[in-house]
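Colleague: Make a model of this:
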Amino acid sequence: MKDQLTLSPIAYYEGPLTDKFGLPRQSGLVPEIEGTLVFTPPYRMREALRGMEGFSHLWLIWGFSKNRTWSPTVRPPRLGGNERLGVFATRSPFRPNPLGLSLVELAKIKEGGAKGIILVVRGADLMSGTPIYDIKPYIPYADARPQARSGFAAGPEDELCVECDEALLAPFTPTQRQALKKVLAQDPRPHYQHDAQRIYGMSFSGFNVHFRIDGRTVLVTDIQKGSSSD
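Modeller: Numbers count the residues shown, from 1 in each chain. Here you go, the predicted model:
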């Protein structure tokens with residue numbers, strides 16, 4: 001059909017989070033998260049990035065690579081998973097066309113050796129390996145609407161307090177430590193789970209991070225070398 005559109009990734013995102021569990025629920029909530037955009041060979045050219053250094057932030061149009069189904073109504077986690085809303089009134093991944101939109105900070109443009117020119121970005125809410133279908137510059141005077149209504153998502157949720165033995169954080173750089181603590185402070189649990197004794201695990205920068213949440217406090221119990229969460 002003439003109205004059909006075939007999309008091919010122009011790049012892939014590489015970052016510290018390799019599973020859906022632990023991902024920030026919106027871009028920009030954890031600005032300390034740093035990742036890279038690695039272009040695929042047809043688009044691995046400096047000419048395609050000419051002028052990008054003049055912008056501080058970028059829109060990423062990307063694909064929900066782990067979701068293949070959609071539903072006309074969904075249960076937003078923000079509402080406790082108890083109320084159904086229309087999928088087009090939410091940012092649910094279960095969409096007719098599994099496309100996402102994220103705003104990230106452009107930290108730098110640099111040579112990536114065999115990877116060619118890469119973009120270092122901050123604040124992404126993406127799983128490592130996410131396909132990127134397009135990149136557009138963020139233009140504040142046109143894109144920012146501070147007085148816009150935001151429905152059921154009126155503002156960010158309160159962050160949790162994170163307690164962790166500093167010795168457990170030794171494998172990470174200072175920036176990675178800040179990012180990990182901020183990810184945990186966002187409360188990565190499903191909204192319906194509140195068992196204070198349950199030990200959760202998530203993957204972060206090649207390590208398995210184990211923690212439990214008691215009230216408003218995240219208690220990190222263990223960090224071990226690995227590639228996936230338990």
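
Colleague: so how far is P96 from the residue nearest to the spatial centre of the chain?
Modeller: The centroid of the chain falls nearest to D125 when counting by Cα atoms, centre = their mean (1.1 Å). Going from D125 to P96 by Cβ to Cβ, to the nearest Å gives 21 Å. Glycine gets a C-beta too; all of them are placed from N, C-alpha and C.

Colleague: do V38 as well
Modeller: 28 Å.

Colleague: Compare neighbour counts for the two and give me the winner.
Modeller: Counted by other Cβ atoms under 10 Å, V38 and P96 do not tie: V38 has more neighbours, with 18 against 11.

Colleague: Double-check that the more buried one belongs to a strand.
Modeller: Yes: checked against DSSP: H, G, I helix; E, B strand; the rest coil, V38 lies within a strand.

Colleague: starting at the chain centroid, how far to the lengthiest helix in the chain?
Modeller: The helix spanning the most residues in the chain, taking DSSP state H as the definition, is helix 174-185. Computed by Cα atoms, centre = their mean, to the nearest Å, the chain-centroid distance of helix 174-185 equals 13 Å.

Colleague: What are the buried residues along it?
Modeller: 176-185 (16 or more other Cβ atoms under 10 Å).

Colleague: Need the CA coordinates for it. CSV is fine.
Modeller: In CSV, the C-alpha atoms belonging to helix 174-185 read as follows (Å, rounded to 0.1, in the frame of the first residue of the first chain):
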residue,chain,number,x,y,z
PRO,A,174,31.6,9.4,40.0
THR,A,175,29.2,10.2,37.2
GLN,A,176,28.0,6.5,37.0
ARG,A,177,27.5,6.5,40.8
GLN,A,178,25.3,9.6,40.6
ALA,A,179,23.3,8.1,37.7
LEU,A,180,22.8,4.8,39.5
LYS,A,181,21.6,6.5,42.7
LYS,A,182,19.2,8.7,40.7
VAL,A,183,17.8,5.7,38.9
LEU,A,184,17.1,3.9,42.2
ALA,A,185,15.6,7.1,43.6
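
Colleague: just the buried residues of helix 174-185 now: which is nearest S92?
Modeller: Of all the buried residues of helix 174-185, V183 has the smallest distance to S92: 20.7 Å, by Cβ to Cβ.

Colleague: for that closest one, what are its contacts?
Modeller: Shown in contact with V183 (Cβ atoms under 8 Å, 6 or more residues apart in numbering): 17, 22, 24, 30, 33, 202, 204.

Colleague: Now do the strands in the chain.
Modeller: Assigned by DSSP state E, the chain shows strands spanning 11-14, 34-39, 57-63, 73-74, 85-86, 99-111, 117-122, 131-137, 161-163, 200-204, 207-214, 217-225.

Colleague: P171 is nearest to which of these?
Modeller: strand 207-214 (6.3 Å).

Colleague: strand partners of the closest one, parallel vs antiparallel please.
Modeller: Its sheet considered, strand 207-214 pairs with strand 200-204 (antiparallel), strand 217-225 (antiparallel) by DSSP bridges.

Colleague: between those, which one is nearest to R50?
Modeller: strand 200-204 (34.8 Å).

Colleague: Cool, thanks, signing off.
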